[in-house]
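Peer 1: what's the 3D shape of this:
(one chain, ligands or ions: 1)
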Amino acid sequence: MQLDVELKKSFKDFTLDVAFSLSSPRTGIFGPSGSGKSTIMNLLSGLELPDSGFIRLGDTVLFDAKRKINLKPNQRNIGVVFQHAHLFPHMSVKKNLFYGYKRIKLENRQIDPEGLFKVLGITQLLSRDVSTLSGGERQRIALARTVLSNPRLILMDEPLSALDEGHKFQIIPYLKNVFNNYGIPMIFISHSVLEMRMMTDEVFVIQKGRIQRHSAAEELVRKSWGSGLESYVNLINLGGATPCKDLFRYKWGHINFILTEPAEGEENLFELDSRDILLFKRHPEATSARNLLQCTVTDIYSSGNRVRVGLACGNEHLIAQIVSESVRELGIEEGAMVVAAIKASAFKKIF
Ligand SMILES: Nc1ncnc2c1ncn2[C@@H]1O[C@H](COP(=O)(O)OP(=O)(O)OP(=O)(O)O)[C@@H](O)[C@H]1O
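Peer 2: So this is what the prediction gives:
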């Protein structure tokens with residue numbers, strides 16, 4: 001699916017002026033509060049009228065100021081998930097879900113509801129009253145309702161920001177499942193670097209109504225010193241574990257990791273704080289760290305007295321954060337060989 005956009009919109013004290021084309025089906029729009037993220041969503045979905053420009057989705061022109069084309073929101077076939085799930089409070093989950101579905105033309109009902117409910121893990125919630133649901137459950141219902149309308153594109157406007165950290169991480173696998181199962185392209189808005197990294201492949205960075213940068217999500221995170229993140233967090237997807245004495249062995253490419261945490265199923269996402277990776281020039285003689293990896297330094301980013309060191313361990317990549325004094329002492333430069341030491345307890349399970 002191709003989306004090409006060129007839009008201008010002025011409010012009293014703010015002007016949005018953006019032009020972009022999506023090349024990835026999982027794209028993020030990232031920027032600080034007031035930068036114009038929601039305005040872009042509102043223009044794309046047809047809730048706001050642009051002053052000028054065009055929006056093309058595949059071969060359909062949704063808006064073209066010059067040609068005076070402006071499809072109504074319900075003609076655009078774009079689904080929107082907002083920060084707060086707008087559900088009918090007096091109806092059951094099932095009634096909420098089928099309220100819109102029944103109004104969809106038969107030929108457009110291409111999503112099997114039962115299958116979708118399984119993918120989103122909401123089958124057991126169907127008879128519940130909406131008022132009894134948690135925030136994360138409500139967002140999954142809102143997403144199900146959007147997907148049932150069989151949209152060509154889903155816009156997610158800060159869908160996780162109203163959730164606490166625990167619920168946020170619980171819902172992310174469901175969002176990914178929907179994407180993996182139905183392949184509906186999505187634009188994900190957030191000012192969280194971590195969410196960008198987990199939910200998107202490429203990111204448009206917007207500031208003061210203009211697109212400042214277009215980069216891979218991973219690149220954004222690696223360079224996001226100024227975003228308030230104290231340190232970089234490595235996200236590591238590991239399969240099932242085998243017990244190893246009283247610890248657990250996981251495979252990561254050709255590497256074996258020893259962790260304190262057991263696996264739950266065949267997909268386990270762990271975070272590893274870049275500050276929890278110690279670097280040595282040579283293999284240390286004796287250490288309490290259970291994981292010692294021979295790595296090549298690939299990148300070095302400095303900010304003040306802190307330095308992020310990109311490491312290649314075979315085909316896998318990690319980022320360590322050390323202080324600039326250590327960089328000098330260890331003679332760390334691109335291409336240098338180092339040994340990374342990681343404690344078994346440094347891996348924290350997200351889901
Ligand atoms: N209808 C409107 N009338 C006047 N000003 C508006 C209107 N909608 C948005 N704005 C202004 O446009 C600017 C961008 O708003 P927008 O909601 O797009 O930002 P955002 O990046 O989504 O912010 P946040 O992350 O806080 O939601 C803000 O200064 C906002 O006050």
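Peer 1: Just the residues contacting stretch 66-74, thanks.
Peer 2: 45-47, 49, 54, 60-63 (Cβ atoms under 8 Å, 6 or more residues apart in numbering). (Each C-beta comes from the backbone N, C-alpha and C, glycine too.)
Peer 1: again, only using 7 Å
Peer 2: Residues outside stretch 66-74 that contact it (Cβ atoms under 7 Å, 6 or more residues apart in numbering) are 45-47, 49, 61-63.
Peer 1: before we move on, what about stretch 198-211?
Peer 2: Under Cβ under 7 Å, 6+ apart, the answer for stretch 198-211 is 14-18, 20, 23-24, 26-32, 35-37, 172, 175, 188, 196, 212-217, 220, 235.
Peer 1: Farthest-apart pair in the contacts of stretch 66-74, please.
Peer 2: The distance between the two most remote of the contacts of stretch 66-74 (Cβ to Cβ) is 17.9 Å, for Leu47 and Val61.
Peer 1: So for those two, which residue has more residues nearby?
Peer 2: Set Leu47 next to Val61 and count neighbours by other Cβ atoms under 10 Å: Val61 wins out with 15 against 12.
Peer 1: Okay, that one and the ligand: tell me how far apart.
Peer 2: 23 Å (Cβ to the nearest ligand atom, to the nearest Å).
Peer 1: Check Tyr232 too.
Peer 2: Applying Cβ to the nearest ligand atom to Tyr232 and the ligand gives a distance of 23 Å.
Peer 1: Test my guess that that residue contacts Ala320.
Peer 2: No: with contact defined as Cβ atoms under 7 Å, Tyr232 does not reach Ala320; the gap is 8.6 Å.
Peer 1: shared neighbours of the two, which are they?
Peer 2: Ser274.
Peer 1: about what we covered before: could you flag which of the contacts of stretch 66-74 are buried?
Peer 2: Among the contacts of stretch 66-74, those classed as buried by 16 or more other Cβ atoms under 10 Å are 45-46, 62-63.
Peer 1: between those residues, which is nearest His86?
Peer 2: Taking the buried ones among the contacts of stretch 66-74 together and measuring to His86 by Cβ to Cβ, the closest member is Ser45, at 13.4 Å.
Peer 1: what pLDDT does the closest one get?
Peer 2: Looking at Ser45, its pLDDT is 95.
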